[in-house]
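Chemist: Give me the fold of what follows.
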Amino acid sequence: MPGKSSTFSDRELERYARHIIMREIGGPGQKRLRGARVLVVGAGGLGCPAIMYLAAAGIGTLGIVDEDEVELSNLQRQIAHIEARVGARKTDSAAETARTLNPHIVVKTHNERITEENVEDIIKPYRLVIDGTDNFKTRYLLNRACAPRGTTLVSAAMTQWEGQLSVYKPKEHGPCYQCVFPEPPAEHLQRSCAEAGVLGPLGGVMGSMIAAETIKDITHAGKTMNGRMIIYDALEGKTRTLDIEKRADCPVCGDG
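Modeler: Down below sits the predicted model:
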């Protein structure tokens, strides 16, 4: 089975050579990637590029959660899917792309919606969870499940020309998602990509950032976005980084 051997094959050494020669990753970091179990919730505009780069990077076990099917309108930005798979499950389509990119990894699919009833069972086997969803209900649900367990949550969002991303690790002195967003915005402000539109390549930018933060967290390289949030404005070509703080009164990770 992929990822079971304790040593890298010659093909794996060649495949991951550009990571292994990096001082911050090296052989030990690449072994951590191979031993990692990462769950991607949402195989859409954010999840697709993240899945592809994490597969290419050699994440040992990659889980994919989504209940939807591939639609033609997805293909403008959801690059793990192709026109021939319109009508197929997004989980199956993204998994096929990931396995094609890297046969050395294990890909597990969860063709269902994350709910209060199944969230614990789904995230339990994974070390890190990526939130690539498009609704606040699921974001809050993932946060409530990850924060008490100490499971790293990498969460991103995007609409029209702007994207944002942070890494939430409240057990390591950072805030959780609900510290930063105590309440969802009013419903009339919660416009989906279908309603507001979204720049196709913005998903690639934010999805690549998700993958980079995930790799950094697993390999202990550099400084992750724990305690910080990056906001990217593609229309103006500007990036801002904000400090974000833990809230003592947070109902998820606060003192109470």
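Chemist: going forward, measure contacts and count neighbours with C-alpha atoms only.
Modeler: Noted.
Chemist: Report the spatially nearest residue to Ala95, omitting neighbours in sequence.
Modeler: Counting by C-alpha to C-alpha, 6 or more residues apart in numbering, Val107 is the residue found nearest to Ala95 once chain neighbours are left out, at 6.2 Å.
Chemist: you'd agree the one you found is up against Gly58?
Modeler: No. If you go by C-alpha atoms under 8 Å, Val107 and Gly58 don't touch, sitting 11.1 Å apart.
Chemist: Of those two, which one has the most company?
Modeler: Gly58 (27 against 24; other C-alpha atoms under 10 Å).
Chemist: does the residue nearest to Ala95 count as helix, strand or coil?
Modeler: With DSSP: H, G, I helix; E, B strand; the rest coil as the basis, the three-state label of Val107 is strand.
Chemist: And Ser192, what's its pLDDT?
Modeler: Each residue has a pLDDT score; the one for Ser192 is 68.
Chemist: now the one 10 residues further on
Modeler: Reported pLDDT at Leu202 in the predicted model: 97.
Chemist: Low-confidence bits of the protein, can you list those?
Modeler: 1-6, 187-193, 256 (pLDDT under 70).
Chemist: Give me the secondary structure label for Ala157.
Modeler: Assignment for Ala157 (three-state DSSP): strand.
Chemist: how far away is it from Asn135?
Modeler: Ala157 sits 9 Å away from Asn135, going by C-alpha to C-alpha, to the nearest Å.
Chemist: same deal with Cys146?
Modeler: 17 Å.
Chemist: quick one: which of these two has more around it?
Modeler: Cys146 (25 against 13).
Chemist: Any buried residues in stretch 84-103, and which?
Modeler: Residues 86, 89-95, 97-99, 101-102 are the ones in stretch 84-103 that count as buried (16 or more other C-alpha atoms under 10 Å).
Chemist: Return the backbone torsion pair for the most centrally placed residue in the chain.
Modeler: The chain has Ile130 as the residue nearest its centroid, 2.9 Å off, counting by C-alpha atoms, centre = their mean. Phi and psi for Ile130, reported as degrees, to the nearest 10, are phi -110, psi 120.
Chemist: So in terms of bridging, what pairs with it?
Modeler: Val40, Val154 (DSSP bridges).
Chemist: Was I right to think it contacts Ala43?
Modeler: No. In this structure Ile130 lies outside contact range of Ala43 using C-alpha under 8 Å: 10.6 Å.
Chemist: Give me the contact list for stretch 111-124.
Modeler: Stretch 111-124 is contacted from outside by 39, 65-68, 89, 91, 129, 138, 141-142, 145-146, using C-alpha atoms under 8 Å, 6 or more residues apart in numbering.
Chemist: Output it as PDB, nothing but the C-alphas.
Modeler: Extracted C-alpha coordinates of stretch 111-124, given in PDB (Å, rounded to 0.1, in the frame of the first residue of the first chain):
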ATOM      1  CA  ASN A 111     -19.400  11.500   0.100                       C
ATOM      2  CA  GLU A 112     -21.600  13.200   2.600                       C
ATOM      3  CA  ARG A 113     -22.300  16.600   4.300                       C
ATOM      4  CA  ILE A 114     -20.600  17.400   7.600                       C
ATOM      5  CA  THR A 115     -23.300  17.400  10.300                       C
ATOM      6  CA  GLU A 116     -23.600  17.500  14.100                       C
ATOM      7  CA  GLU A 117     -24.100  13.700  14.000                       C
ATOM      8  CA  ASN A 118     -21.100  12.700  11.900                       C
ATOM      9  CA  VAL A 119     -18.500  15.400  12.400                       C
ATOM     10  CA  GLU A 120     -16.700  13.700  15.200                       C
ATOM     11  CA  ASP A 121     -16.400  10.400  13.500                       C
ATOM     12  CA  ILE A 122     -15.200  11.900  10.200                       C
ATOM     13  CA  ILE A 123     -12.500  14.200  11.700                       C
ATOM     14  CA  LYS A 124     -11.300  11.800  14.400                       C
END
